[in-house]
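>>> From the sequence below, what's the structure:
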Amino acid sequence: EISAKLVRRHPHVFGDDQCADSDAVLQRWDEIKRAEKGAAAPESAIHGIPKSLSALLRAQKVQKKAAKVGFDWPDVAPVFAKLREEIAELEAEVAAGHEDRIEDELGDLLFTVVNLARALKCDAETALQRATGKFITRFHGVERLARERSVSLHDLTLAELDVLWDEVKAARTPPSVSI
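Model (predicted):
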């Protein structure tokens, strides 16, 4: 049954079906899957993305599906422009003290950052996990330095904490490689 399903869903490999590129292969695969289930084409190109996914993963999937129908920027430059626009809108709402608009604008900014990750062919979830892990490692280093110097983090100013942070960051920087 699994073999038959594999052959049926990949006529470009096991049959005479010709697909111009990987996007055409995926589109054909979706059509075959829908036909197997007896389902009509969904009303929306972004149909079927579970609300139960994490916000980050859901945003990635929504954007990927929208891009499959051409709703996408041609390259990364306009995404950077959109990112700057969203930052400016968030800054304006913060400056105006519009607490009811800040969360919406922050959401727009985060959604755009996910779009940037996709445009750069990076997985946003992986990038955020790595950044969080790096922060945790560095913060532990700051705590270790404070203990070694017999000072409490609570007693340090932000500028003093930043000095410790920079020390940890410099110590963790890999040596340059000479070729």
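>>> which of the residues in stretch 101-120 are buried?
For stretch 101-120, burial by neighbour count (16 or more other CB atoms under 10 Å) applies to Glu105, Asp108, Leu109, Phe111, Thr112, Val113, Val114, Asn115, Leu116, Ala117, Arg118, Ala119. The way it works is simple: take the backbone N, C-alpha and C, and place the C-beta from them, glycine included.
>>> Leu56: what's it in contact with?
Counting by CB atoms under 8 Å, 6 or more residues apart in numbering, Leu56 touches Val114, Ala124, Glu125, Leu128.
>>> next one: Lys61
Contacts of Lys61 (CB under 8 Å, 6+ apart): Ile49, Leu53.
>>> measure it to Ala67 for me?
Here the criterion is CB to CB, to the nearest Å. By it, Lys61 lies 11 Å from Ala67.
>>> try His12
His12 is 21 Å from Ala67, by CB to CB.
>>> just to revisit the earlier point, narrow the contacts of Leu56 to those in helices?
Here DSSP state H is the test, and the contacts of Leu56 give Val114, Ala124, Glu125, Leu128 as lying in helices.
>>> follow-up on the earlier one: so which of the buried residues of stretch 101-120 are in strands?
With strands taken from DSSP state E, there is no overlap with the buried residues of stretch 101-120.
>>> In a markdown table: these, plus distance to Ile46 and pLDDT.
Compiled in a markdown table, these are given as follows (distance: CB to CB, whole Å; pLDDT from 0 to 100):
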| residue | distance to Ile46 | pLDDT |
| --- | --- | --- |
| Glu105 | 22 | 98 |
| Asp108 | 17 | 98 |
| Leu109 | 20 | 98 |
| Phe111 | 13 | 97 |
| Thr112 | 17 | 98 |
| Val113 | 19 | 98 |
| Val114 | 14 | 97 |
| Asn115 | 14 | 97 |
| Leu116 | 19 | 97 |
| Ala117 | 18 | 97 |
| Arg118 | 14 | 96 |
| Ala119 | 18 | 95 |
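>>> Could you export the residues you listed as a markdown table, including distance to Asp17?
Listed next are the buried residues of stretch 101-120 as a markdown table, based on distance: CB to CB, whole Å:
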| residue | distance to Asp17 |
| --- | --- |
| Glu105 | 46 |
| Asp108 | 41 |
| Leu109 | 42 |
| Phe111 | 36 |
| Thr112 | 37 |
| Val113 | 38 |
| Val114 | 33 |
| Asn115 | 32 |
| Leu116 | 35 |
| Ala117 | 33 |
| Arg118 | 28 |
| Ala119 | 30 |
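>>> Show me which of those is closest to Arg172.
Distance to Arg172, by CB to CB, is smallest for Ala117 among the buried residues of stretch 101-120, at 23.5 Å.
>>> Quickly note the distance from the closest one to Ala96.
Counting by CB to CB, the gap from Ala117 to Ala96 is 29 Å.
>>> Leaving out the residues flanking it, which one is nearest to Ala146?
Leu153 (5.4 Å; CB to CB, 6 or more residues apart in numbering).
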